[in-house]
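Enquirer: Generate coordinates for the sequence data below:
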Amino acid sequence: MWDAHQAAINVGLSKFSGILFYSSDVERNFTTDFLTAIEFCKAAIYRPFFESSTNFLVGYSHRLLMEQDRVILTSNFSIREKALMNAVKFISEINEVTGGAYNISDAYPPLWQESPGQFSDYKIENGNAASPRRHVAPSPLPIHFGWQYHTGRLADPTQKTDCGYTSGAHLCISVDSWWAAFNYYLSAMPFLAAIDSGIMGISSDNVTFLPPSKDQMNFCYNISSCRSSFPEAMKKWNEFYQHVQSHSSSFEDLLKYLWAAHVSSSQAAHKNFDNRLKYYSKQEADFESNWALFVDYLAPPLFPSTLMRTHEFQKGLPTRMLVSGDKGHFIRDFTNLQNIVLFALSFLHKVHKYTGTLSFIVWETVMKLKVARNLFQEILEFSLHYFN
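Expert: Sure thing, here's the model as predicted:
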């Protein structure tokens, strides 16, 4: 269906791309950005069912855009209209930042096509949309989730159950997995905060996640419990969504608030789940700690973790769990890039530890300069392409 749709779009573009009679430059830019967003919908295998299409059209602007809409949207646009226009703008900027490299068919996370295509596809219990703990897969980091799934990092690290193993319940996500616990804080909380902000047009009373089989007190399951248990993280995510709805927010503004919210959720997860590192080999536990620290260092430069960037970067991550026999940072069945990444993460952890976090403070200060942020991103991307 999407191939036929895109073919029709391509024919239309070839015939009408020279049309100049738009109501304003703002309307013309929105039209071209919207066509780019449609291509992303195709890539994500978006399923335009009647219900989801109807909800989508509710957010489409009810009039042509004028020059005065360039910076601040006028009051006669609804929250959902503002959200759609900012989402289209956000996608366009991602496309521009990545140089149009959004051929993501190879980057799809596992089970992407089988995942729910709209909110109503989720299980309903007692009038509420409920999702069991093991099924909380729709994460803001689906590509990273896919790497965890493929490499066995969502399986039971205690090996007391068959949860997550190929020979057993391979779709199961273990409640004892350090990675899975972090995923929950970085997916469930942002999702509930999005509902709370009103950006999704869903009643906050209708969404509840079902608790896991153990450690229930470490998680939150609806908006009120998340607000109560993790007020700072929920506040940060709400601030992010408020700026998503603001037409004046730039791509860098959104990255700033996104990373602030991400770090807040991550800090909360550290407090509750670092004790699970004991379930892993020393090599794997060290890698997990080093990886989490590296992600913290990605926040000050406002690293744009777009889908394709994440897909390319993950080629440098280990393709299996680290075991006690993995000595040093030159593991024979890993690529040169994967061994270099392991060495770099370990080196960063040692510098951070021996400087008493001074290195992070200096890093934050330097990364306040835009030229420094741009230089870091260029060096990182060059290194990945060179060693890959």
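
Enquirer: rest of the way, CA atoms for contacts and neighbours
Expert: Noted.

Enquirer: All the helices of the stretch 51-200 of the chain, residue numbers only.
Expert: Using DSSP state H, counting those that start in this stretch, the helices assigned to the stretch 51-200 of the chain run over residues 79-97, 142-150, 178-185, 188-197.

Enquirer: got the contact list for the third one?
Expert: When contacts are taken as Cα atoms under 8 Å, 6 or more residues apart in numbering, the neighbours of helix 178-185 outside the stretch itself are 136, 139, 145, 148, 153-154, 173-175, 219, 265-266, 268-269, 273-274, 276-277.

Enquirer: Need the helices of the stretch 51-200 of the chain in CSV (columns: distance to residue 375).
Expert: Converted to CSV, the helices of the stretch 51-200 of the chain look like this (distance: least, Cα to Cα, whole Å):
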stretch, distance to residue 375
helix 79-97, 14
helix 142-150, 25
helix 178-185, 30
helix 188-197, 30
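
Enquirer: on that earlier part again, of the contacts of helix 178-185, grab the buried ones for ChimeraX.
Expert: The buried residues among the contacts of helix 178-185 can be selected in ChimeraX (16 or more other Cα atoms under 10 Å) with this line:
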select :136,139,145,148,153,154,173,174,175,219,265,266,268,269,273,276,277
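
Enquirer: from the contacts of helix 178-185, which ones fall inside strands?
Expert: Per DSSP state E, strands hold no members of those.

Enquirer: and residue 284, which of the helices of the stretch 51-200 of the chain is closest to it?
Expert: Evaluated with Cα to Cα, the helices of the stretch 51-200 of the chain place helix 178-185 nearest to residue 284, the distance being 10.9 Å.

Enquirer: and the gap between residue 252 and residue 148?
Expert: Distance from residue 252 to residue 148, counting by Cα to Cα, to the nearest Å: 28 Å.

Enquirer: quick one: the top helix by length along the chain to helix 188-197, angle?
Expert: Taking DSSP state H as the criterion, the chain has its longest helix at helix 251-273. Angle of helix 251-273 versus helix 188-197, following axes from the mean of the first three to the mean of the last three Cα atoms, to 10 degrees, is 130 degrees.

Enquirer: low-scoring stretches of the stretch 51-200 of the chain, by residue?
Expert: Counting by pLDDT under 70, the ranges of the stretch 51-200 of the chain that qualify are 51-60, 62, 67-76, 79, 91-107, 113, 116-140, 168.

Enquirer: at 50 instead, please
Expert: Counting by pLDDT under 50, the ranges of the stretch 51-200 of the chain that qualify are 51-52, 72, 101, 132-140.

Enquirer: Around residue 326, how many other residues sit close by?
Expert: For residue 326, the count of nearby residues is 16 (other Cα atoms under 10 Å).

Enquirer: isn't it right next to residue 283, touching?
Expert: Yes. Counting by Cα atoms under 8 Å, residue 326 touches residue 283, with 7.1 Å between them.

Enquirer: Name the residues contacting each of these two.
Expert: Counting by Cα under 8 Å, 6+ apart, nothing touches both residue 326 and residue 283.

Enquirer: Next, work out how far apart residue 292 and residue 278 are.
Expert: Remark: distance between residue 292 and residue 278 (Cα to Cα) = 16 Å.

Enquirer: Comparing those two, which shows the higher neighbour count?
Expert: Set residue 292 next to residue 278 and count neighbours by other Cα under 10 Å: residue 292 wins out with 17 against 13.

Enquirer: And the contacts of the helix or strand the more buried one falls within?
Expert: Assigned by DSSP states H and E, residue 292 falls within helix 282-298. Helix 282-298 is touched from outside by 263, 277-278, 321-324, 326, 342, 345-346, 348-349, 360, 363, with contacts defined as Cα under 8 Å, 6+ apart.

Enquirer: Give me the buried subset of these.
Expert: Buried among the contacts of helix 282-298 (16+ other Cα under 10 Å): 263, 277, 321-322, 326, 342, 345-346, 348-349, 360.

Enquirer: And the residues you listed, which two are furthest apart?
Expert: 263 and 326 (30.1 Å).
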